[in-house]
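Participant: here is a sequence with its predicted model. Questions after.
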Amino acid sequence: MSLFVKKPMHLLMSEASDTEKGLKKTLGAGSLVALGIGAIIGAGLFSITGLAAANNAGPAITISFIVAAFGCAFAGLCYAEFASMIPVAGSAYTYSYATMGEFIAWIIGWDLVLEYAVGAATVAISWSRYLVKFLEDFNIHIPTALASGPWDGGMLNAPAVFIVVIVSLLLMKGSQESALVNAVIVALKVAVVLTFIVLGWKYIDKGNYVPYIPENTGTFGEFGFTGIIRAAAIVFFAYIGFDAVSTAAQEAKNPKRDMPIGILGSLIICTVLYLLFAHVMTGVTSYLTFAGKDGIAPVKVAIDHMGTQMADGSVTPDYPWLNRAIIVAILAGYASVILVMLMGQSRVFFSMSKDGLLPPVFHRIHPKFRTPARSNFLFMIFVSLFAAFVPARVVGEMTSIGTLFAFILVCLGVWVLRVKQPELPRSFKTPLVPLVPILGIATCLFMMVFLPLDTWIRLIVWMLIGFDVYLFYGLKNSGLSDHSEATHRKSNKLVAQIGYGLVALLIGVALLHHFEGDGNDWGLFIFSIVFAVAHLFLFISRANKS
């Protein structure tokens, strides 16, 4: 047995059909579409759109959304084929295990923590900030010491812990109850987005679309073609979530039919809403007015321009109440994103644990609720601590790069499985294979290249930590390994050889980032070099043991 042993399809199918010991099947097509929309539409739409328009794309932000949507669509088609063919919890991890082997599956499963657990903690911190802003409108003030972590001038981010605990308890109770709450939240979010679009449409000034693609300033990523692509990589964050639908495959009533509907349906609906939202936002006022704004401020600027122009040129807003409604939608949106992310994380670790790559606590099912309640509880503690004490800084880019990496492997997996096992039954087939997977890989890789170098550094560091866990636990407990001495020696040597490559890549990216930057990244640079050297000695030690 090798690192690249593949999980047989008959084992995956037996897990999918296990209704007695497995997860409870309660979700229909409508619930899955709502689950996808709940994960996709968060505050990213309200905050990222204006900033990307002001700094990168101008009115052509709509083109950026289309480019990002194409990357998601190619990956979405591949996810739909896998989800209908392998209706098992675990998403990209499970698909990779069936097509590219255990070690690749481990890498992608570990990578998904960036999207789900880290993403949930970051969203919880942002939820806290908006709750504070919302309560201040009613003259209710939460002390800074209880509303911010130590690095942000406080002691504990209590609101962030509160939302993580509430959502986690809901997930422990059951996916049907979670889906019902999510459906209500989705209805509220979509209603607010549609209200903004409908009310703002009549205030569109076509002059604000000229020039539609502003000329590049001479700096890479600032307007022009490179600005559109840079903005696409930024707004891609607003699309993250549709793939989380696939983590609920084992809880779908009819996964072969409903999973493609849930994945592609939520993606299509959100793409249309995003395009209309961006079109209205850059039409009611010039994209330049969004510069320097953060949070919901860009949307507030747009709403303030939806009104009657006075003689002195000022505008009296016709809908000042809409700003408060947007904050309510953001709070609801963040809550549903946290819900879907924590659900996705527990389902990925559920699958990895059943395969022996993680401790068994992650796949134990509650006898009454039929959910991985202990796993949900552990992630509640971990994410709560993270949200309470750690500042949210660059995890947006980390989440994006982790998700793009997952999309690439899913597209590659569909292509591989079509070649290696074309006879397998597929209730949904990705069209134009291998063209669609190749386009998905190319689009996602293209957007990854446009992300900052320090994001690549953090991705590599996280992957090396994953190597450590696999070497010291997963490799020894794999359910598909024969656990012979020869297998362990060969696997240790191969992991060490791959690790040498990652160490070299980390040193190279750290040097490039340091010398191309302003030289103020000494902390990250020194940490990267020390971390790389420590792992070099670790891999040499493991290779010598083989």
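Facilitator: That came through fine. Residues are numbered from 1 along each chain as shown.

Participant: so L131 sits against P159, correct?
Facilitator: Yes - contact criterion CB atoms under 8 Å: L131 and P159 qualify, at 5.0 Å. Where C-beta positions appear, they are placed from N, C-alpha and C, glycine not excepted.

Participant: which residues do those two both contact?
Facilitator: Each of I142 lies in contact with both L131 and P159 under the rule CB atoms under 8 Å, 6 or more residues apart in numbering.

Participant: give me the low-pLDDT residue ranges for the stretch 201-350 of the chain?
Facilitator: 247-250, 293-297, 313 (pLDDT under 70).

Participant: contacts only, for F539.
Facilitator: 495-497, 499-500, 503.

Participant: among the residues you listed, which one sits closest to M172?
Facilitator: Closest approach between the contacts of F539 and M172, by CB to CB: V495, at 35.1 Å.

Participant: save the contacts of F539 as CSV, and put in secondary structure, pLDDT and distance to L417 too.
Facilitator: Compiled in CSV, the contacts of F539 are given as follows (DSSP: H, G, I helix; E, B strand; the rest coil; pLDDT from 0 to 100; distance: CB to CB, whole Å):
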residue, secondary structure, pLDDT, distance to L417
V495, helix, 87, 25
A496, helix, 88, 29
Q497, helix, 89, 26
G499, helix, 91, 28
Y500, helix, 93, 30
V503, helix, 94, 32
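
Participant: quick one: buried ones out of those residues?
Facilitator: Those of the contacts of F539 that meet the buried threshold are 495-496, 499, 503, by 16 or more other CB atoms under 10 Å.

Participant: next, the residues that contact stretch 471-479 from outside, please.
Facilitator: Outside stretch 471-479, the residues within contact range by CB under 8 Å, 6+ apart are 102, 106, 354-359, 481, 483, 488, 491-492, 495, 542.

Participant: checking L357 next. Helix, strand or coil?
Facilitator: Judged by DSSP: H, G, I helix; E, B strand; the rest coil, the three-state class of L357 is coil.

Participant: buried stuff in the longest helix along the chain?
Facilitator: Longest helix in the chain by number of residues, with DSSP state H as the criterion: helix 321-354. For helix 321-354, the buried set under the neighbour-count rule, 16+ other CB under 10 Å, comprises 322-323, 325-327, 329-354.

Participant: what is the burial count for the closest residue to L194 other than its chain neighbours?
Facilitator: The shortest distance from L194 to any residue other than its chain neighbours is 7.7 Å, reached at L273 (CB to CB, 6 or more residues apart in numbering). The number of residues packed near L273 is 20, by other CB atoms under 10 Å.

Participant: pull the contacting residues for L273.
Facilitator: The neighbourhood of L273, defined by CB under 8 Å, 6+ apart, consists of 41, 45, 190, 193-194, 197.

Participant: again, but for A124
Facilitator: A124 makes contact with 157, 160-161, 163-164, 334, 338, 383, 387, according to CB under 8 Å, 6+ apart.

Participant: same question, T62
Facilitator: With contacts taken as CB under 8 Å, 6+ apart, T62 has the following neighbours: 275, 278-279, 282.

Participant: show me which of those is closest to R257.
Facilitator: Comparing those against R257 with CB to CB places L275 closest, at 28.0 Å.

Participant: go ahead and confirm that closest one touches A68.
Facilitator: No - under the criterion of CB under 8 Å, L275 lies out of contact with A68, with a separation of 10.9 Å.

Participant: so which of these two has more stuff around it?
Facilitator: For L275 versus A68, neighbours defined as other CB under 10 Å are more numerous around A68 (24 against 17).

Participant: my read: D243 touches A75, true?
Facilitator: Yes - in this structure, D243 is within contact of A75 by CB under 8 Å, at 7.3 Å.

Participant: mind listing the shared neighbours of these two?
Facilitator: Common contacts of D243 and A75 (CB under 8 Å, 6+ apart): 407, 410.

Participant: which of those two has more residues huddled nearby?
Facilitator: Taking neighbours as other CB under 10 Å, D243 and A75 compare with A75 leading, 32 against 27.

Participant: from L480, how far off is that one?
Facilitator: As defined by CB to CB, to the nearest Å, A75 lies at a distance of 27 Å from L480.

Participant: for T49, same thing?
Facilitator: The separation that T49 has from L480, given CB to CB, amounts to 45 Å.

Participant: same deal with T144?
Facilitator: Taking CB to CB as the criterion, T144 is separated from L480 by 51 Å.

Participant: low-confidence ranges, the stretch 51-200 of the chain, go.
Facilitator: Where the stretch 51-200 of the chain drops to pLDDT under 70, the residues are 88-90, 175-179.
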